[in-house]
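*Asks:* quick one, fold the following:
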Amino acid sequence: MNQVPCGSEVARPFLPAKDYDLSKRFYEAMGFEKLLDGEVAIFRVGAGGFILQRGYQKDWAENCMMQLMVDDLEAWWVYLQALDLPGRFPVQAPKAPAMQPWGLRVATVYDPAGVLWHVYQRRVGAVQD
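*Replies:* Sure thing, here's the model as predicted:
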């Protein structure tokens, strides 16, 4: 059996941007670290990240979802509210944390292109979290 090579691999999805500069400002406001700014923008958040691209297709953007697992969802909620994202960007207001039928608490945030971010409370001892 072949073994997958191990090292410093990082998987980064490409996210759409309807207005590239606006989306970059949105993610900077969210506190994500911009690692590269050029034809694409690479952002890091925690151990993960994504590549913001200039491409946009409405159906794709409005069906694109990201998951952000956090240790303290209440702290993130306070942080998200303080950002006043709908006052600064053309986005829906974030939705408050709520328990989901599958057993995780989640808050949601939409970016300017319509990408939905699920901000989940990490569960102690759940290796998949």
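*Asks:* skip the chain neighbours and tell me the closest residue to Glu33.
*Replies:* Nearest residue to Glu33, sequence neighbours excluded (C-beta to C-beta, 6 or more residues apart in numbering): Arg44, at 4.6 Å. Glycine gets a C-beta too; all of them are placed from N, C-alpha and C.
*Asks:* show me the contacts for the nearest residue to Leu36 once chain neighbours are set aside.
*Replies:* The spatially closest residue to Leu36, leaving aside those adjacent along the chain, is Ile42, at 4.1 Å (C-beta to C-beta, 6+ apart). Shown in contact with Ile42 (C-beta atoms under 8 Å, 6 or more residues apart in numbering): Arg12, Lys34, Leu35, Leu36, Gly49, Phe50, Ile51, Leu52.
*Asks:* which of those sits closest to Val106?
*Replies:* Phe50 (18.5 Å; C-beta to C-beta).
*Asks:* what's around the closest one, how many residues?
*Replies:* 20 (other C-beta atoms under 10 Å).
*Asks:* isn't it right up against Ala11?
*Replies:* No: Phe50 is beyond contact range of Ala11, at 9.7 Å (criterion: C-beta atoms under 8 Å).
*Asks:* by neighbour count, which of the contacts of Ile42 wins?
*Replies:* Using other C-beta under 10 Å as the neighbour criterion, Leu52 leads these with 25 neighbours.
*Asks:* how much space between Asn63 and Leu104?
*Replies:* Using C-beta to C-beta, to the nearest Å, we find Asn63 at a distance of 21 Å from Leu104.
*Asks:* same check on Leu83?
*Replies:* For Leu83, the distance to Leu104 - C-beta to C-beta - is 23 Å.
*Asks:* look at these two and report which has more neighbours.
*Replies:* Between Leu83 and Leu104, counted using other C-beta under 10 Å, the more crowded position is Leu104 (19 against 16).
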